[in-house]
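Novice: model this:
(chains A and B)
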2 protein chains.
Amino acid sequence: MATIADPRNTTGRLISAADVQGAAVYDKVGEKLGTIETVMIDKASGRIAYAVMSFGGFLGIGDRHHPLPWQTLRYDPDLGGYVVDLDRDRLEGAPAYDEATRTALEDEMFGRRVHDYYGVEPFWSAVI
Amino acid sequence: MATIADPRNTTGRLISAADVQGAAVYDKVGEKLGTIETVMIDKASGRIAYAVMSFGGFLGIGDRHHPLPWQTLRYDPDLGGYVVDLDRDRLEGAPAYDEATRTALEDEMFGRRVHDYYGVEPFWSAVI
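Specialist: As a prediction, the model looks like this:
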């Protein structure tokens, strides 16, 4: 049964954060880039700040985590995951952090680099 | 070690959705009302539409789920959970759904009832 808690149901307005976590992320030619590890919420505004994409192991040492602004993600029902306008080469240069530099996520300069890289408005200034 | 992924770290701007899920919800006198079961995201805007609070069993038959607008939740580091300005009696009258009426979450009239009940702006009209 398709419910709103089912990410395959793409008709609904809402999606559960639990269903975003673990979803695959693909580039535009359908190559898998990684998996959404978690969704970071801006506490004050209740906005999604980032969907954090990682590769391979879950929070393993040395893993790189790529924060993706929510606006960069488009759900593709055929692939059953998210598509971003980004290939592996471009991803190599994208702002990322590892366990040792995890606090970068709270750093505004880092946040600006992320949003500049993807060419979208920062979550703290966006008005929709 | 306190990290931004640690809900006990209340100094950060961001919190992981995974850490909101499972957090306890208390009323103003510290009585536990329930547990945050999931966070529902408005896909188009990237806003948190609701934190859904439930009681007891996880998605069990007959369970009632209470969508709480994000603005109603305040994190209390001493309690280690969220506090809402709501007691059990008032909660009894709050808009809720069960498994059979789960699609109510997508219904705009239901959404208006929820936001009116808590006296906050709907997520689809809020500008921060």
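
Novice: What is the lengthiest strand in chain A packed up against?
Specialist: Longest strand of chain A, by residue count under DSSP state E: strand A:32-42. Contact partners of strand A:32-42 among helices and strands, from 3 or more Cβ pairs under 8 Å, 6 or more residues apart in numbering or on different chains; DSSP states H and E: helix A:17-20, strand A:24-26, strand A:47-54, strand A:65-68, strand B:14-16, helix B:17-20, strand B:32-42. (Each C-beta comes from the backbone N, C-alpha and C, glycine too.)

Novice: Please name whichever of those is nearest to A:Ser125.
Specialist: If you check each of the helices and strands packed on strand A:32-42 against A:Ser125 by Cβ to Cβ, strand A:47-54 wins as the nearest, at 10.5 Å.

Novice: And the contacts of stretch A:104-121?
Specialist: A:40, A:49-50, A:67-69, A:71-72, A:86, A:93-95, A:97, A:122-124, B:4, B:12-14 (Cβ atoms under 8 Å, 6 or more residues apart in numbering or on different chains).

Novice: Run the chain-centre distance for that stretch.
Specialist: The chain centroid and the centroid of stretch A:104-121 are separated by 13 Å, computed with Cα atoms, centre = their mean, to the nearest Å.

Novice: Return the set of buried residues in that stretch.
Specialist: The neighbour-count check on stretch A:104-121 (16 or more other Cβ atoms under 10 Å in any protein chain shown) flags A:104-106, A:110-111, A:114-115, A:117-118 as buried.

Novice: how many other residues sit next to A:Ala94?
Specialist: Neighbourhood size, A:Ala94 [other Cβ atoms under 10 Å in any protein chain shown]: 17.

Novice: Could you identify the buried members of the contacts of stretch A:104-121?
Specialist: Buried by 16+ other Cβ under 10 Å: A:40, A:49-50, A:67-69, A:71-72, A:86, A:94-95, A:97, A:123-124, B:4, B:12-14, out of those.

Novice: Tabulate the helices and strands packed on strand A:32-42 (CSV), appending distance to B:Tyr82 and mean pLDDT.
Specialist: Formatted as CSV, those follow (distance: least, Cβ to Cβ, whole Å; pLDDT from 0 to 100):
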stretch, distance to B:Tyr82, mean pLDDT
helix A:17-20, 15, 91
strand A:24-26, 30, 94
strand A:47-54, 18, 93
strand A:65-68, 24, 93
strand B:14-16, 11, 92
helix B:17-20, 8, 91
strand B:32-42, 7, 92
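
Novice: closest to A:Gly81 out of the ones you listed?
Specialist: Checking the helices and strands packed on strand A:32-42 against A:Gly81 by Cβ to Cβ gives strand A:24-26 as the closest, at 3.5 Å.

Novice: quick one: the closest one to chain centroid distance?
Specialist: Remark: strand A:24-26 is offset 9 Å from the chain centroid, using Cα atoms, centre = their mean.

Novice: who touches that strand?
Specialist: By Cβ under 8 Å, 6+ apart, strand A:24-26 touches A:32-36, A:53, A:68, A:73, A:76, A:79-84.

Novice: and if you look at stretch A:75-85?
Specialist: So stretch A:75-85 is in contact with A:7-8, A:10, A:23-28, A:30, A:32-33, A:36, A:51, A:68, A:72-74, B:43, going by Cβ under 8 Å, 6+ apart.

Novice: among those residues, which ones are buried?
Specialist: Buried, going by 16+ other Cβ under 10 Å: A:7, A:23-27, A:33, A:36, A:51, A:68, A:72-73, B:43, out of those.

Novice: on that earlier part again, please name the strands paired to the longest strand of chain A in the sheet, noting orientation.
Specialist: strand A:24-26 (antiparallel), strand A:47-54 (antiparallel), strand B:14-16 (antiparallel) (DSSP bridges).
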